[in-house]
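> sequence below, structure please.
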Amino acid sequence: MYTLVAYYSFTGRTHYEAKRMAERVGGELYEVREQKRRSLYSAYLFGPSQARRRKYVVVEPIAVNMEDYDRIIIMCPIWGGYPAPAFNSIVRELPVGREVEIYLTSDSGQAKGLAELRRRVELQGVHVTHMEVIKTEDLHKRDRRRRRRMRDEGEQEE
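Reported below is the predicted structural model:
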């Protein structure tokens, strides 16, 4: 079974989780990018309202043929309780009849309307086999803790 892990990431946290997922399932990793790169200001000011309204954004043409995969995993951050607008654009491209898993990443927010989200995705003619919210942690904090732990372990060996 060929698996595609398609993801959108703004801060890098979803990228990190998608990379781990692709390694775990032996799938191909593919990043979906918005054609017009958002500024931090735009993402935090307009992104959540676009997500709540289930807006689409123009993404760069998807360079993999999703028809070649039996299973597609979509990973995307939660903005304002809903998947980032790039998620909606990915869903539009899904081939009919595929198994889809959805992983939404969040470091603090809660996902809203998951049952409605599942129905909306399945209207595309796919079967959603799994949905989950993954709690991410601030990558900078994680890296500081790892460096501190490595430093402490180095001091203990002496």
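
> span of stretch 75-95 from start to end?
17 Å (CA to CA, to the nearest Å).

> go on, stretch 22-36?
Rule used - CA to CA; the end-to-end distance of stretch 22-36 is 26 Å.

> before we move on, what about stretch 74-92?
12 Å.

> and it, which residues are buried?
Neighbour-count burial for stretch 74-92, counted by 16 or more other CB atoms under 10 Å, picks out 74-80, 82-91. C-beta coordinates here come from the backbone N, C-alpha and C atoms, glycine included.

> go on, stretch 129-143?
Result for stretch 129-143 [16+ other CB under 10 Å]: buried residues 131, 134, 136.

> give me the mean pLDDT for the helix or strand containing the first one.
So that's Met131. Element membership for Met131 (DSSP states H and E) is strand 127-135. In this model, strand 127-135 carries a mean pLDDT of 93.

> would you pull up how far that strand lies from the middle of the chain?
Averaging C-alpha positions (CA atoms, centre = their mean, to the nearest Å) puts strand 127-135 11 Å from its chain's average.

> cool, and stretch 54-73?
12 Å.

> span of that stretch from start to end?
19 Å.

> quick one: buried residues of it?
In stretch 54-73, the ones that count as buried by 16+ other CB under 10 Å are 54, 57, 59, 69, 71-73.

> now tabulate those in JSON lines and tack on secondary structure and distance to Glu31.
JSON lines is the format used below for these (DSSP: H, G, I helix; E, B strand; the rest coil; distance: CB to CB, whole Å):
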{"residue": "Arg54", "secondary structure": "coil", "distance to Glu31": "22"}
{"residue": "Val57", "secondary structure": "coil", "distance to Glu31": "14"}
{"residue": "Val59", "secondary structure": "strand", "distance to Glu31": "10"}
{"residue": "Tyr69", "secondary structure": "coil", "distance to Glu31": "16"}
{"residue": "Arg71", "secondary structure": "strand", "distance to Glu31": "18"}
{"residue": "Ile72", "secondary structure": "strand", "distance to Glu31": "14"}
{"residue": "Ile73", "secondary structure": "strand", "distance to Glu31": "13"}
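
> pick the one among the residues you listed closest to Ser9.
Closest approach to Ser9 among the buried residues of stretch 54-73 (CB to CB): Val59, at 12.7 Å.

> understood, closing this out.
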